[in-house]
Each structure stands twice: as C-alpha cells, then as structure tokens.
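A.B. asks: Let me see the structure of the following:
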Amino acid sequence: MRINTICPDYISSLGGPSYVCNSLLEAMSTSGLDVSLYCVSSDNGAHRHFHRLSMPLWAKPIGYRLFSEDKWAKYTEWRYLRSFKDKDIAYLWEPTSIETYKTIKSAGHIILSESVNTHQATSKVILDTEYQRLGLRPAHGIDEKSIAKECAKLELVDYMFSPSPEVTKSLLAANVASRKIIQSSFGLGPKNVLLPEEVASRAGRTGLTAIFVGRIGIRKGVHLLLEYWVKAGIKGKLKLVGNIEPSASRLVEPYLNRHGIEHVPFTNDLRQVYLSADAFLFPSLEEGSPLVTYLALGAGLPSLVSPMGGGGVIEDGKEGMVVEPHDADKWIDSIRKLFSDPGLRLQLSSNAYNKAGEYLWGNVGRRRGESLLAILAGRTGFNCI
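C.D. replies: Model (predicted):
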C-alpha cells in the first residue's frame, strides 16, 4: 500500500499548508509507510526523497516565467493521475480540482483528504457576522460556490483528517458522516522547541511582552485583542507580528501609536520572536489548528487563546486559558491575571513546554499512520499489505 499524495502547489519550508503536508509525509515515511508527493516544485531545503516534482529544482528560476501557476498545477494533476497502482490510497490536498477527485473515485481508489481549516459553511457564518458587526463589507472571499465545491469534494472522500475539535464540529455541522473523520492534529519540528535554559531565562525579566503572530486581520480577532489590551491597562508590551491585511487596517492602525503596542512586519525569524516573549495571545475567530499555537508550546509560553486559536492543543487551566473571543470582560480579566501572577505564568509555561514533545511532527505522523492503518484494516476486502 502506498499513500499517493498530491499537493498541486509549491512546497515551502516556511509554513502554510504545503509545509504541513510535507512535514506529515516525512514523518509517516520515517515511521515505515510508503508515501509519495506529487507537487509543482519545492524550496531546496524542503525537498524530500518522496517528492515527484513537476518542475525540477534546477528549473525554478525560469519555470514560472514559462508557464503560469495554474498550468503547472494542472500538469501536476495530470502526472498524478497517471501514477496510480492498484493498492494506492489517494491523499488529496488543496488546491486539487474536483475533476481529479471524480477521476480517482471512478477508478475505485480510497480517497483521503485534509481539512486544513473549518468547513467553509462554518467560516462564512462566523466571518459574515463579524464583518456585519463592524459595519464592514465582507472581504473573506468565501461564497456559496466555494462552499458547494467543498461539499462536493467531501462527498467523494472516504476519510479525512481533522486537525482540531473545532474543525470536526464544522464538518459534522456540514453533514459529513462521523465515520469519515479521523481526529488528529498538526505539529512542530524539533528546531521549534527552545532549550530548557532559554525558557527558564524568562523568570528574571521585569518588563513583560505578549505576542500575537499571524495575519493581522479580522479573521484572527486582532481588533478584539487590541481593544482588550488597552482596557486591561497593564504595564507591558504587545507585539503584533505579521502583515496587516487591508480590510483591517482602519481598525488596527489607530492603536499602533499607543505606548506599549508594537507592530513587527512578517518575519521568518519566529524563533527570536517567541524567545523574546512572555505570553502568547490569540483570539482567533476561525482557524483549523494554527501552527503559531504549536510554536507557543515549543517556546514554553503561557497562552491566552480562543477555542479556535487554541487549535485543540491548549487546554484551559493547563497550558493556558481558553476564552471565547467576544467575552470582553473575561479576556480583560485574563490578561491582567496572566501579567500579574508570576506563579501562574510559570505553571502554564512548564505545562506547555512539557506538552510540546507530544506534537513533534514525528509523533503526529506516526499516530496518523496508525489511525489510518487501523481504519483500513477494518474495511471488508481491503488488505494493507
């Protein structure tokens, strides 16, 4: 049995769905599963032995000048469809086309997919409500057509990995059968785990810094965080790390002139960002299972997050505090408590750091492989060998 995978995109080493896909397959391969990944091309540092590149590494300087991203994606799907053997499991990542789903289904292969974010039907309701509350025109890009396309793909899928309880809830709300859903998680790499002495060095600090990491926009709830931070009135610094989305600029920029609020544009050096922080704040309205939250575990940061922002890995009272994003009073009280109680910060930090190993990509990939094999072994007439 081979897990024959497609991500008709460029594989990055810096994050995003393609990075997640690559990390999971590497871990599954290391645990003994036969995997392959059909993709357009990859960063040199992200290239793995199981890649089947449409654009060779040496051709990257000219590849996208010769053909568009869309043409490379279609070529990758064409190559992928020609690659199948009898026992292959098809593992499909976005932006694979519905036509490819249908072709694979008609050929009789088991289809596995990845639900990176909440179902778009759930996302649209959450985001429409928030944009309306703010008196803004929705700028999230989700429409009925995209929801229908997602539903059509999920109809064809035999199983899907869900990376968090919130994603699972959204799938069930969209009438996806529970038997199709494999509960899992995302993860982090060993290099994303700080050294014990680096985590311990925070104990002697006097000026405390909280960080928000990600796209600075309405979906991530940063406008709520800024309001809560100012009302909390604590002594400390809030760093917003990431690029400001145009739809949120009018809400965010007035706060950036305030003392104690700093904007750091997108950076690849997140290790230094987490190393310099004392707490992680993330009131996201809609997520899958955000990688930045796993990084908070690896950095031993106490977290204050929304249920979506916690991604299923932050447990309330253990690694942090989980508060509904619109519960202003509780957010303000929790910020004050987190910054005023060094004993609480230390306990949450220790719990977070001790939990990080559970979510190393190697462990996540192994657990996914075991879950998949157990399900397949229960299918009548299916032999995993």
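A.B. asks: Mind giving me the packing neighbours of the helix or strand harbouring Thr293?
C.D. replies: Thr293 belongs to helix 291-298 when assigned by DSSP states H and E. Under the contact definition 3 or more C-beta pairs under 8 Å, 6 or more residues apart in numbering; DSSP states H and E, helix 291-298 sits against helix 270-275, strand 279-282, strand 303-305, helix 342-355. Any C-beta I mention is one placed from the backbone N, CA and C, and that applies to glycine too.
A.B. asks: 10 Å - rerun?
C.D. replies: In terms of contacts (3 or more C-beta pairs under 10 Å, 6 or more residues apart in numbering; DSSP states H and E), helix 291-298 is packed against helix 17-30, strand 209-213, helix 270-275, strand 279-282, strand 303-305, helix 307-310, strand 320-322, helix 342-355.
A.B. asks: Including mean neighbour count, could the ones you listed go into TSV?
C.D. replies: Below are those laid out as TSV (neighbours: other C-beta atoms under 10 Å):
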stretch	mean neighbour count
helix 17-30	22
strand 209-213	24
helix 270-275	17
strand 279-282	27
strand 303-305	26
helix 307-310	27
strand 320-322	24
helix 342-355	17
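A.B. asks: could you dump the ones you listed to a markdown table with distance to Ala46 and mean pLDDT?
C.D. replies: Conversion of these to a markdown table gives the following (distance: least, C-beta to C-beta, whole Å; pLDDT from 0 to 100):
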| stretch | distance to Ala46 | mean pLDDT |
| --- | --- | --- |
| helix 17-30 | 6 | 97 |
| strand 209-213 | 21 | 98 |
| helix 270-275 | 17 | 95 |
| strand 279-282 | 26 | 98 |
| strand 303-305 | 28 | 98 |
| helix 307-310 | 26 | 98 |
| strand 320-322 | 30 | 98 |
| helix 342-355 | 26 | 97 |
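A.B. asks: Relative to Thr118, which of those is closest?
C.D. replies: Closest to Thr118 of the helices and strands packed on helix 291-298 is helix 307-310 (C-beta to C-beta; 7.6 Å).
A.B. asks: got the contact list for that closest one?
C.D. replies: Helix 307-310 is contacted by residues 117-118, 126, 164-167, 169, 212, 214, 219-221, 280-290, 292-293, 296, 303-304, 314, 316, 319-325 when judged by C-beta atoms under 10 Å, 6 or more residues apart in numbering.
A.B. asks: Any of those buried? List them.
C.D. replies: Among those, those classed as buried by 16 or more other C-beta atoms under 10 Å are 117-118, 126, 164, 166-167, 212, 214, 219-221, 280-290, 292-293, 296, 303-304, 314, 319-323, 325.
A.B. asks: how close does Asn73 get to Val176?
C.D. replies: Actually, residue 73 is Ala rather than Asn. According to C-beta to C-beta, to the nearest Å, Ala73 and Val176 sit 26 Å apart.
A.B. asks: Could you list the low-pLDDT ranges of the stretch 251-385 of the chain?
C.D. replies: The model of the stretch 251-385 of the chain has pLDDT under 70 over residues 380-385.
A.B. asks: Now with 80, please.
C.D. replies: Applying pLDDT under 80 to the stretch 251-385 of the chain flags the ranges 379-385.
A.B. asks: Regarding Asp327, what are the backbone dihedral angles?
C.D. replies: phi -80, psi 80 (degrees, to the nearest 10).
A.B. asks: Please read the previous query as pertaining to Val176.
C.D. replies: phi -80, psi 130.
A.B. asks: Report the angle between the longest helix along the chain and helix 17-30.
C.D. replies: If you go by DSSP state H, the chain has its longest helix at helix 361-377. With axes from the mean of the first three to the mean of the last three C-alpha atoms, to 10 degrees applied, the angle from helix 361-377 to helix 17-30 works out at 70 degrees.
A.B. asks: okay, helix 361-377 in CSV with CA atoms only?
C.D. replies: Coordinates of each C-alpha in helix 361-377 appear next as CSV, following Å, rounded to 0.1, in the frame of the first residue of the first chain:
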residue,chain,number,x,y,z
TRP,A,361,5.9,16.0,13.6
GLY,A,362,7.4,12.6,14.0
ASN,A,363,4.9,11.7,16.7
VAL,A,364,2.0,13.2,14.9
GLY,A,365,2.9,11.4,11.7
ARG,A,366,3.2,8.1,13.5
ARG,A,367,-0.1,8.5,15.2
ARG,A,368,-1.8,9.4,11.9
GLY,A,369,-0.3,6.3,10.2
GLU,A,370,-1.5,4.1,13.0
SER,A,371,-5.0,5.6,12.9
LEU,A,372,-5.2,5.2,9.1
LEU,A,373,-4.0,1.6,9.1
ALA,A,374,-6.5,0.6,11.9
ILE,A,375,-9.4,2.1,9.9
LEU,A,376,-8.3,0.4,6.6
ALA,A,377,-7.8,-2.9,8.4
